[in-house]
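> Sharing a model prediction with you, sequence too.
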Amino acid sequence: MSDVRLSIIIVSWNVCDLVAACLRSLPLEDPGVEVIVVDSASQDGTPERVAAEFPSVRLIARADNVGYCRGNNLGFAEARGEFWFVLNPDTTVEPGALAALTEYLEAHPTTACVGPALTYGDGTPQSSRRRFPTLQSAVFDSTWLYQFAPRGVLERYYGEDWPVGEIVEVDWLVGAALMLRAAAVRQVGGFDEGYFMYSEELDLCRRLKAAGWGIVHLPAARVTHFEGRSSAQVRVATHLRFNRSKVRYFRKHHGALQAGILHTSMRANFAWQLLIEAGKWLLGHKRPLRAQRVHDYLQVLREL
């Protein structure tokens, strides 16, 4: 029988220094903890550095970019712990966070997922508690239209009415750092690999809630999230993956009609941004930047 209580799974792609910093924040010598790094064909020396500097880490070095969901599922297949901590490579875990998260799951057997408070690199809070999206919130969230959202739509989606600093049961949590009960995740089938990345934690939490499990935000545990360092390397692919995943989620959980409306709104959003950037280029404002954005938005419109 394994002595491992907690398995920490990190999926990485071309963020060598961040992975190293993340690993240094973890209890690598604790016999009750195992750390699994799934590397998706990084070209920056990540697997070599992990193997050389962190020999206690179990490294799964892939020759292909398997994406976030499949990468985590590969980690799950190797994990021996009762609890699985899904952790982004662009994070550092604050002292005491792992103990607080695991102790919460131990004390609350009907909870499947508990997440810490996230902060940005400068120490400011990062919103990570959410209600399930509606079509209305999805149209406005993470687009330039957010400023025009009807009063209360995004506030409710972001759970701004929930008390600050208190333990709260939520619909879903941002997936940068999630402590999961292995038995519950196995019950619902792990991450849906139809998502390459983005919306996968939303989909998982939705399935866990439907199966009767609780999802909880635990602000006493803290993780710093430097956010989006892998995605920043591939702008167009990030736009496409993010928006395709939103549409996939709505098609899966709300049907083809709502997914179609959302897809149409996304294309209209990118078309409008394309016109704005083209107009700024014509006026001579930061032409190299505007030209790059016009190029990116044209490609997104062709492929979305």
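Perfect, thanks for sending it.
> Return the distance of the residue most central in space within the chain relative to Ser142.
The centroid of the chain falls nearest to Gly175 when counting by Cα atoms, centre = their mean (3.7 Å). Gly175 sits 15 Å away from Ser142, taking Cβ to Cβ, to the nearest Å as the criterion. For every residue, glycine as well, the C-beta is placed using N, CA and C.
> coming back round to it: the residue nearest to the centre of the chain contacts Val86, correct?
Yes - counting by Cβ atoms under 8 Å, Gly175 does reach Val86; the two are 6.5 Å apart.
> Wasn't Ile9 part of a helix?
No - for Ile9, which was evaluated using DSSP: H, G, I helix; E, B strand; the rest coil, the result is strand, with no helix membership.
> start the count at 55, not 1, going forward
Done: numbering now begins at 55, and the last item shifts to Ile63.
> which residues touch Ser182?
If you count contacts by Cβ atoms under 8 Å, 6 or more residues apart in numbering, Ser182 has them with 169, 171-172, 227-228, 230, 271.
> Specify which member of those is nearest to Ala264.
Taking Cβ to Cβ as the measure, Leu227 is the one of the contacts of Ser182 closest to Ala264, at 16.0 Å.
> Mind listing the residues bridging to the residue lying closest to the closest one once chain neighbours are set aside?
Residue nearest to Leu227 in three dimensions, not counting chain neighbours: Gly169, with 3.7 Å by Cβ to Cβ, 6 or more residues apart in numbering. On the basis of DSSP bridges, Gly169 takes part in beta bridges with His271.
> So what's the residue count around Gly169?
Gly169 is surrounded by 28 other residues when neighbours are defined as other Cβ atoms under 10 Å.
> now swap in Arg124 and tell me
Residue neighbour count, defined by other Cβ under 10 Å, stands at 22 for Arg124.
> which SSE is it in?
When elements are defined using DSSP states H and E, Arg124 is found to belong to helix 121-132.
> contacts for the helix or strand that that helix is followed by?
Beyond helix 121-132 on the C-terminal side, the first helix or strand identified by DSSP H and E is strand 137-141. Identification of contacts with strand 137-141 by Cβ under 8 Å, 6+ apart yields 59-64, 76, 126, 129-130, 147, 152, 155-156, 159, 229-236, 239, 255, 277.
> show me where the stretch 55-204 of the chain has helices.
For the stretch 55-204 of the chain, the helices identified by DSSP state H, counting those that start in this stretch occupy 70-78, 100-107, 121-132, 151-161, 189-194, in order along the chain.
> List the residues that contact Gln180.
Going by Cβ under 8 Å, 6+ apart, the list of residues near Gln180 reads 172-174, 228, 279, 281.
> Quick one: buried ones out of those?
Restricting these to buried positions leaves 172-173, 228, 279, 281, with burial counted as 16 or more other Cβ atoms under 10 Å.
> which one of those sits closest to Asn68?
Compare each of the buried ones among the contacts of Gln180 with Asn68 using Cβ to Cβ and the shortest gap goes to Glu281, at 15.4 Å.
> For this structure, just list every one of the strands.
60-66, 87-94, 112-116, 137-141, 145-147, 165-173, 179-180, 183-184, 222-223, 226-227, 231-235, 268-279 (DSSP state E).
> Could you export the contacts of Gln180 to CSV, including columns for distance to Arg341 and pLDDT?
Converted to CSV, the contacts of Gln180 look like this (distance: Cβ to Cβ, whole Å; pLDDT from 0 to 100):
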residue, distance to Arg341, pLDDT
Leu172, 37, 97
Thr173, 37, 97
Tyr174, 31, 94
Val228, 36, 96
His279, 34, 96
Glu281, 29, 73
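> Number of residues surrounding Glu132?
13.
> Next one: it from Gly125, what distance?
Using Cβ to Cβ, we find Glu132 at a distance of 11 Å from Gly125.
> do the same with His279
For His279, the distance to Gly125 under the criterion Cβ to Cβ works out to 18 Å.
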